[in-house]
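Enquirer: no sequence on hand, only this structure:
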């Protein structure tokens, strides 16, 4: 399953990058975000691992997050495992940032290889994931454009 979205944000790439990467910004645009604990020492970058907790319905679910690409102001990619995914499943999320005019073009790409029972649920999951991405990206855009980000 793959969900792609692209938005133009009326803020510079540096502000969008801050919204994507600074811990204090994440709960302001990621729906259900509870908290994140970084498990890797040192500055953030490719290979940084953390535990991210998200509220899904009435319960809080923990995901393992590993940064797979880190190019400040240009690209952030993360692999999520655990949580609601079955054994061996992962979600790869990629954010590509490009300056456009006085703002930023943000491309979002999320991929989850579907296995087992998830194959039957793929059409519904794609609709839900697409709606969630649209909502969260709109919140990210509003945050970055507000100047708070």
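Expert: In hand now; what should we look at? All values reported here derive from a predicted model rather than from experimental measurement.
Enquirer: which stretches in the chain count as helices?
Expert: Ranges of helices in the chain, per DSSP state H, are 13-21, 117-145.
Enquirer: least reliable of the ones you listed going by mean pLDDT?
Expert: Per-stretch mean pLDDT for the helices of the chain is lowest at helix 117-145 (a mean of 78).
Enquirer: what are the boundaries of the strands in the chain?
Expert: Along the chain, counting by DSSP state E, strands occupy 2-9, 33-38, 49-56, 59-71, 75-82, 90-100, 103-111.
Enquirer: give the partner strands of the fourth one in its sheet and their orientations.
Expert: In other words, strand 59-71. With DSSP bridges as the test, strand 59-71 is paired with strand 49-56 (antiparallel), strand 75-82 (antiparallel).
Enquirer: just the ones you listed: most buried one?
Expert: Among those, strand 75-82 has the highest mean neighbour count (mean count of other CB atoms under 10 Å), at a mean of 18. Yep, even glycine has a C-beta here, placed from its N, CA and C like the rest.
Enquirer: roughly how far out does it sit from the chain middle?
Expert: In terms of CA atoms, centre = their mean, to the nearest Å, the centre of strand 75-82 is set 7 Å apart from its chain centre.
Enquirer: quick one: residues contacting residue 76.
Expert: Contact partners of residue 76, counting by CB atoms under 8 Å, 6 or more residues apart in numbering, are 17, 20-21, 67, 69-70, 94-95, 97.
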